[in-house]
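Asks: can't give you the sequence, but here's the structure:
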């Protein structure tokens, strides 16, 4: 329908404008924060800028509810300022019909946000963290965007994935002799730092000599040294940077080992509800636009109101999330309560406007 396309075009334009403004501000703030590390290793101003750009998908994902709220208010506010919403309603188009058109566009945006958080954010964040580590720790990290390589004397360690709690997956250890020839190749399915030692599980160890290759299999092996623990501080992904599948997989691993998985389950449900939060933010924008007019403050009033609502929602959401962890409230409930509250409030004001 023509009306749906017109409203969709307006909402998307407003969201793009809000996205540009907010990302520019936060990118500048992030860049200033990185200047304290400039000069370490090969980490210079250009490398700091690259790191900030690589972290933009994560920033976009985190700010997506606020961006959509501000974008919705800007776009719909422009329609209200030009009296286009008044003409629509005078033509028999109800408030709920306009809201439905807005939410149709919001659904498309929510799907894009979900894809962003599941695929682009984890990949881009890993690339950013490893790139920064490569620049700062030039003598330690020589890997690419997916695999980690670390050197310790004549030993080279290749790690496919670093998980929280100082755990490694798919570990290969290459040991060289005095002539820099490959002497031993060790593969471990998993490695974890416990009691000041590295415990390797499901081992395949091959020793290379002039007579051939001798391979043995072990259930477990203990090493005093493997990977510097300091690397975890620069390479380990936080729960908010992991994909929903990774969070769910790791939380199941923690459950199987009788470990606390509430933080990862909470991050998982936050991932699930973030796209829905974007839709709810558009629902909030509707009564704000219909309840304010150019005479009552216009664009300025709506923007200030959007910023205040965004800040209040952010504070309440984080507070409920952390309180849920502190008081052992189910992660699903902790993640859902802020969303449900805002949805009820927005529906209440939409009915009043209608």
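Replies: Cool, got the structure. Computed from a prediction, not measured in an experiment: that's the story for all the values here. Numbers count the residues shown, from 1 in each chain.
Asks: any idea how far residue 291 lies from residue 73?
Replies: Using Cβ to Cβ, to the nearest Å, we find residue 291 at a distance of 11 Å from residue 73. (Each C-beta comes from the backbone N, C-alpha and C, glycine too.)
Asks: For burial, what's the neighbour tally of residue 291?
Replies: Residue 291: 13 surrounding residues under other Cβ atoms under 10 Å.
Asks: where's it relative to residue 197, distance?
Replies: 64 Å.
Asks: What strand or helix carries residue 315?
Replies: Applying DSSP states H and E as the criterion places residue 315 in helix 298-326.
Asks: Actually, residue 46.
Replies: Using DSSP H and E, residue 46 falls in helix 45-54.
Asks: Which positions in that helix come out as buried?
Replies: Going by neighbour count (16 or more other Cβ atoms under 10 Å), the buried part of helix 45-54 is 47, 48, 50, 51, 52, 54.
Asks: Now do that helix: which elements does it pack against?
Replies: helix 2-34, helix 121-136 (3 or more Cβ pairs under 8 Å, 6 or more residues apart in numbering; DSSP states H and E).
Asks: quick one on the thing from earlier: so what does the helix holding residue 315 touch, helix or strand wise?
Replies: Using 3+ Cβ pairs under 8 Å, 6+ apart: helix 298-326 touches helix 56-81, helix 262-291, helix 331-353.
Asks: I'd assumed residue 334 was in contact with residue 266.
Replies: Yes. Here residue 266 reaches residue 334: they are 5.9 Å apart, a contact under Cβ atoms under 8 Å.
Asks: Need the overlap of contacts for the two.
Replies: 321, 324, 325 (Cβ atoms under 8 Å, 6 or more residues apart in numbering).
Asks: Now the buried members of those residues.
Replies: 321, 324.
Asks: what sits against residue 224?
Replies: 197, 198.
Asks: typo on my end, it should be residue 125
Replies: Applying Cβ under 8 Å, 6+ apart, the residues contacting residue 125 are 54, 55, 57, 58, 237, 241.
Asks: And stretch 78-95, end to end?
Replies: End-to-end distance of stretch 78-95 (Cα to Cα, to the nearest Å): 16 Å.
Asks: Please identify the buried residues of that stretch?
Replies: In stretch 78-95, counting by 16+ other Cβ under 10 Å, buried: 78, 79, 80, 85, 88, 95.
Asks: Please compute how far that stretch lies from its chain's middle.
Replies: 37 Å (Cα atoms, centre = their mean, to the nearest Å).
Asks: looking only at pLDDT, what's the mean for that stretch?
Replies: Stretch 78-95 comes out with an average pLDDT of 81.
Asks: try stretch 52-67
Replies: In this model, stretch 52-67 has a mean pLDDT of 93.
Asks: Now for the buried residues of stretch 78-95: which two are most distant?
Replies: 78 and 95 (17.5 Å; Cβ to Cβ).
Asks: Quick one: name whatever helix or strand follows the helix or strand bottoming out on mean pLDDT in the chain.
Replies: None of the helices or strands of the chain scores lower by mean pLDDT, DSSP states H and E than helix 230-235, at a mean of 61. Heading C-terminal from helix 230-235, the first helix or strand you meet, by DSSP H and E, is helix 244-256.
Asks: in that following helix, what counts as buried?
Replies: For helix 244-256, by 16+ other Cβ under 10 Å, it's 244, 246, 247, 248, 250, 251, 253, 254.
Asks: CSV please, covering those and showing pLDDT.
Replies: Below are these laid out as CSV (pLDDT from 0 to 100):
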residue, pLDDT
244, 89
246, 84
247, 88
248, 88
250, 81
251, 86
253, 76
254, 78
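Asks: Just put these in CSV and tack on distance to residue 273.
Replies: Formatted as CSV, those follow (distance: Cβ to Cβ, whole Å):
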residue, distance to residue 273
244, 11
246, 17
247, 13
248, 14
250, 19
251, 16
253, 23
254, 21
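Asks: Nearest to residue 205 among these?
Replies: residue 253 (24.8 Å).
Asks: show me what contacts the closest one?
Replies: Counted by Cβ under 8 Å, 6+ apart, residue 253 has zero contacts.
Asks: which stretches of the protein aren't confidently modelled?
Replies: Applying pLDDT under 70 to the chain picks out residues 137-147, 164, 228-236, 292-299, 353-354.
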